[in-house]
Each structure stands twice: as structure tokens, then as C-alpha cells.
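S.K.: Sharing a model that was predicted from the sequence below.
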Amino acid sequence: MSTVIRPVARPEQIRKHNLGLLLRHLHQVGSISRSELTTATGLNRSTIAALVGELAEREVVAEHPDPTKSGAGRPSYVVTALPQAAHVIAVDLDVRTVSAAAVGFGGQVRARRTWNHPVKHPEPGDVADAIAQAASELDCEAAGSRCVGLSVGVPGMVRAHDGWVLNAPNLRWHGVPFGQLLRERVGREVRTANDADLAAYAEHLRGAGRGYNNLICVLGRNGVGSGVLVDGIPLHGATGYAGELGHVVMDPKGRRCHCGNRGCVEQYAGAPALLRAARRRGAPVADVDELFSRFDSGDEVAARVVSEVADWVGVVTGNVVTFLEPNAIVYVGHLAEVIRRCESAVARRVARGATADAAAPVALLPGVLDEPILVGAAELAFEDLFAGDLSIL
């Protein structure tokens, strides 16, 4: 029998890990006392005191007396990560618009930009130029803090380690080294990820998916995407392309999709599909917001369109539940609005489509974050710092 020799962590590695652990916790939960940090992290009091002291010296955190505690004895102190100490640039690249923000600790947005693509199908290099320009402007507006990361969400299949976009059908991008294009322009490392993966991460950490470690997030925008967490860890697959629910074929003889297949999920549940369905019934609407407004006003055509989409969502959800057995499915974008109006109908369809044992415990939840992709991009951009690399401060 062979013996596996595991490398022993050095004190410096342990210290970096603990610094990152503490800083991540402060970022996610906000102000917290030293004793609560000890309980939450599993570190002892002296270690917490040393770590807080080092971060305070670097002006990354601050301590102040707990206003809720008074009386005799030693004062209780609350530790807070300072939002102005560091920031990241988070970018949500959509089919028609781009949103970018400088985000500090705790998710505080310090500055932002939003713009439309100048053409219907923008060139990758032009998009990278615009993002680099916005990042530079945002860095200036967040003056006084150091930028410690940049992350972009893309509506397509993105290779995890280098940001290669294999296919972004709605942008008409195929085989694009987008991560490299961005790195060349901004002169720093860039994390590029699928937009639905980022939405899943955000809703898990800060939204409707809190407390659910086996989670699927279904994103409805121009297309349909999904992000999957298994035991709290994002599921990327061998190279980062896992979870493309929008391009699962529901009808091999159905409508042609931009990806080249027929009958993909997004041809029935994407925003353009809802608008086409309303138009076919002689009740055209300008956008999905108008469609839902008409639904709420009792419009029969809007009710039929939304109900049909809810049925498709139920069929797809039932298949996913059978295959992956999540605790919860969080719907964001216009699909969150479908769930808010038709949750019981979707649940019934799921129960019919999934195995009986798998269907019962699944929570079907509308997302609660206004900008989940931007939030997820910010969380991803902080990862190097939370890995303990304080040299980037």
C-alpha cells in the first residue's frame, strides 16, 4: 500500500488563509464583534486579535465600541471592513447594454456606468475597449482605494480559466478570446464568467438562495441561462461550460435558435419568445414589463402568454429537479416575474414531471436582487483578495 504524503501548510500560508477568511466574513455579514468572529471562523481569540490588528494597520478594517453593549467590565468592540479601503470593478455585459460599477466591501456601489452597444451585434474588441474605458473612469471616481479585481459576466459559454467565449449566440460571438482582449486593455488580471453562474453565486450569498447549498439559478433575459451550485460550490464542468439550460433542446422540430439547434428552451422562455407570442395573438407589447403589467390588469392575452411560459418553465424545472435534485431553484430576470404570478402552476408541472421523491422538497423562489449579475461579478472579483493575497492592496 502506498502512502500519500500531504504537504504541510507553512505559517505564512496559514496566516494568509486566515486573513482572507476573516476579510471574506466581514465583507459578507458586515459589522461583527471579535467574539462573533471567533465563533464564525473557528479561530481562537488571540488569532482573531492579531488578524484584526494587522488589517487595521493596513487601514482595511476599523474597530469601534459596540453601542449596544454598556456597563462595567471590558468594552466590547465591533469590527467593520472599510468600504473605501478597496474596490473591484464589476461588469454585466448584456446583449443590448453594459453596466459597470466600482464596488467596495459589503457590496457598496461607489460609482457606476451604463451604456448601450452602438450596434446590434458589437465586435468583441470594441466591447473590450468600452469596458476598459469605463473601468479607468470608475477607478478615478473611487479614488482613495485600490482596485483589487475586475470581473465580467457574459451571456454565453465561457471557459473558466482564461475567459475564452466558446459561444455567445445572442451576441453572435463564437470562439472569442474575450478574457485576453480585456487583459490586454486594462493591464491586469480579469475574471470572465457566464452571467447565470454569477447570478447564482449572488443569490446564494446575498439573495433568495441563502441557506440553500444545492441551488440552481435560472436567468431569463434575452436568452435563458442557468447556474448550478452543488454543496455550495459552483458547478462548471470540465472546462466551464456546464449549465447551459437555455440550449437544452425541448423540441427537435421547433423554432431555429441562434445557437444552430432547433427548439431550445430559450425559444420558448426567453424574452423575445414572450413578445412573439403576444404579437401572434394580436396584442403586441413593447417589452416584457408591459406584458406583465397587462397580466396584472386582467388582460386575457397576457394571461395566456404568461401561463404558457409558466408551463414551459415547469417542464424544464421538472427535468432539472430529476437530474440534479436541488434544494431550491431561484428564478431571476423576467422568469422571476413569471414565478411571482404563476408559482403554483409551475409547482404542479414540476411535480408531474419530476420523480415524486425529488419534487417534494424543492423551493421555487423568485430572485430578490435587483442586479444579481453585477453583484455576482463583484463577489468573483474579490476572490484573489479573499484568498489571502493582501499584496494587491
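M.R.: Great, that's in hand.
S.K.: my read: E337 touches F292, true?
M.R.: Yes: judged on CB atoms under 8 Å, E337 makes contact with F292 at a distance of 5.0 Å. For glycine as for every other residue, the C-beta is placed from the backbone atoms N, C-alpha and C.
S.K.: between the two, what contacts are shared?
M.R.: Shared contacts of E337 and F292 (CB atoms under 8 Å, 6 or more residues apart in numbering): none.
S.K.: Next, the buried residues of stretch 309-322.
M.R.: Across stretch 309-322, burial judged by 16 or more other CB atoms under 10 Å covers 309-321.
S.K.: Need the contact partners of that stretch.
M.R.: With contact meaning CB under 8 Å, 6+ apart, stretch 309-322 is reached by 216, 218, 226, 245, 248, 250, 265, 268-269, 273-274, 277, 326, 329, 331, 335, 338-339, 341-342, 345-355, 358-359, 362, 364.
S.K.: among these, which are in helices?
M.R.: Of those, the ones assigned to helices by DSSP state H are 268-269, 273-274, 277, 335, 338-339, 341-342, 345-353, 358-359.
S.K.: Filter the residues you listed down to the buried ones and hand me the ChimeraX line.
M.R.: Entered in ChimeraX, the line below selects the buried ones among the ones in helices among the contacts of stretch 309-322, by 16+ other CB under 10 Å:
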select :268,269,273,274,277,335,338,339,341,342,345,346,347,349,350,351,353,358,359
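S.K.: Look at D162 and tell me its secondary structure.
M.R.: Reduced to three states with DSSP: H, G, I helix; E, B strand; the rest coil, the structure at D162 is coil.
S.K.: Now it: phi and psi?
M.R.: Here is the backbone geometry of D162 (degrees, to the nearest 10): phi -140, psi 0.
S.K.: Give me the pLDDT value at it.
M.R.: You'll see D162 listed with a pLDDT of 93.
S.K.: which residues touch it?
M.R.: Contacts for D162 (CB under 8 Å, 6+ apart) come out as P177, G179, Q180.
S.K.: mind listing what's buried in the host helix or strand of the last one?
M.R.: To tie it back to what came earlier, the one meant is Q180. Per DSSP states H and E: Q180 is located in helix 178-186. Residues of helix 178-186 classed as buried under the neighbour-count rule (16+ other CB under 10 Å) are F178, G179, L181, L182, R183, R185, V186.
S.K.: ok, now which ones touch the fifth one?
M.R.: Residues touching R183, when contacts are defined by CB under 8 Å, 6+ apart, comprise E189, V190.
S.K.: Output the lowest mean pLDDT helix or strand found in this protein.
M.R.: Here the helix or strand of the chain ranked lowest by mean pLDDT, DSSP states H and E is helix 356-359, holding a mean of 54.
S.K.: that older thread, just give me how far the helix holding Q180 sits from the chain centre.
M.R.: Centroid separation for helix 178-186 versus its chain: 21 Å, with CA atoms, centre = their mean, to the nearest Å.
S.K.: who touches the next helix or strand after it?
M.R.: The helix or strand immediately downstream of helix 178-186 is strand 191-194, counting by DSSP H and E. For strand 191-194, contacts defined as CB under 8 Å, 6+ apart pick out 149-158, 160, 163, 165, 178-179, 182, 225, 227, 240, 243, 376-377, 380-381, 383.
S.K.: among those, which are in strands?
M.R.: G149, L150, S151, V152, G153, V154, M157, V158, V165, G225, G227 (DSSP state E).
S.K.: give me the low-pLDDT residue ranges for the chain?
M.R.: Applying pLDDT under 70 to the chain picks out residues 1-9, 69-75, 356-360.
S.K.: Which element, helix or strand, includes the residue nearest to T355 when sequence neighbours are not counted?
M.R.: With CB to CB, 6 or more residues apart in numbering as the criterion, T355 has its nearest non-adjacent residue at 5.4 Å, and that residue is T322. Taking DSSP H and E as the definition, one finds T322 inside helix 300-324.
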